[in-house]
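Visitor: Sequence and computational prediction follow.
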Amino acid sequence: VECESSGYILQKCKSEDIIAVGNCYGKLFESLADLEAEANSDSNPEPATDIPSMNGNLDIFSKSALKYIQDNNLKKEDFLNMGLVTVEKIKSQIAENVSANKNVNSQEFPKFQVEPASFSKLAEISKLSRNKEGVLTSSLTIQLFSEEIRRRFINVSWMNRRILPYILHVFSMMLEKNPRFTSYYSDKKIHLYNRVNLGLAIDIGKGLKVLVIEDSNTLSLFDLQMSIIESISDYHENTNPMSALKSPTVTVTDLSQDNILHFQPILNENQSVILGIGGDQDLPGSPLSLTIVFDHRVLSGQEVATFLKQFKEHLLDQNTSIIT
């Protein structure tokens, strides 16, 4: 972060802390005296329970959870990386710990050991587990043979022999006509983004990241492919820090290149749908699976079934492949 003027910085967090957008991570002062006055007036109060603490986690303790910890002589540090920490989650964690201690026999497993999870993995777990209370997820899968689709694009050089851009192109067009698929449930209301910001989850050697293609429904197939290539290039070169500020309204994850025929992805925060693309080109006909995990509070099984049926029809319809 470049500063256009000189001065003094009072640091409010340390390296590798995770802080919510909008929180203060440092204050600037024109004089050293002002900084010292601010520092001396900071009595280090207990972090508020309604915002994430700045201890490297994204945890929020409910008032009842804090009381339960105090009444039972427990430690807050034992219940980190849970997102919203409630009494129910604390009891569940204690039960899991008791079960783990009972199940592991050190004599039976003489090489048994425990290793700490990496910082990136803890951040991923924390992010995926946030706001999951009350979420009612379900999934539906549809399968098709992709051989004919692949043959259709075999001479299109910029497709790089991949049909993922075509799948995302058709998916984006359908999302535009089905706004509830780009929405989320909160406070007994369905919040519709009315915008197709496609999040493409990838992990190709530098950790799991979601590359965001904004307004993908407005892009041609060619422009969508170029956006994917550019985003992946930025991923490799670590030149896309601003992508963290973009908000996907729906997420897609593709494991077909690894010949994973079917899997069930995890629904992300503030979304109602995630699409998992599986496939196996070593099998006859190059079968492809399309799995939608959805929030039942927003969508019904029938709505998703109809969407998948039409999705398959559009993919197989030769008139859908508009190469511009």
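Guide: Cool, the structure landed. Residues are numbered from 1 along each chain as shown.

Visitor: the strands in the stretch 1-150 of the chain, which residues?
Guide: The residue ranges that make up the strands of the stretch 1-150 of the chain, judged by DSSP state E, counting those that start in this stretch, are 8-11, 26-29, 60-61, 84-85, 137-145.

Visitor: Next, the spatially most central residue of the chain: phi, psi?
Guide: For the chain, the residue nearest the mean C-alpha position is Asn268 (4.8 Å; Cα atoms, centre = their mean). Main-chain torsions, Asn268, degrees, to the nearest 10: phi -90, psi 160.

Visitor: ok, it - contacts?
Guide: Counting by Cβ atoms under 8 Å, 6 or more residues apart in numbering, Asn268 makes contact with Leu128, Gly199, Val210, Pro248, Thr251, Ile274. Backbone N, C-alpha and C define where each C-beta goes, glycine included.

Visitor: And it, how far from Arg161?
Guide: Per Cβ to Cβ, to the nearest Å, Asn268 is found 29 Å from Arg161.

Visitor: hang on, the earlier thing: state the pLDDT value of the residue nearest to the centre of the chain.
Guide: pLDDT for Asn268: 90.

Visitor: Now do it against Val87, distance only.
Guide: 26 Å.

Visitor: residue ranges of the strands in the stretch 151-300 of the chain, please?
Guide: Along the stretch 151-300 of the chain, the segments classed as strands by DSSP E, counting those that start in this stretch run 183-186, 189-192, 198-202, 209-213, 250-254, 273-279, 287-295.

Visitor: Give me the number of neighbouring residues for Cys14.
Guide: Small correction: residue 14 is Lys, not Cys. Counted with other Cβ atoms under 10 Å, the neighbours of Lys14 add up to 10.

Visitor: actually Arg162, not the one I wrote
Guide: Arg162 - counted by other Cβ under 10 Å - has 15 other residues nearby.

Visitor: Name all residues that make contact with it.
Guide: In this structure, Arg162 makes contact with Gln257, judged by Cβ under 8 Å, 6+ apart.
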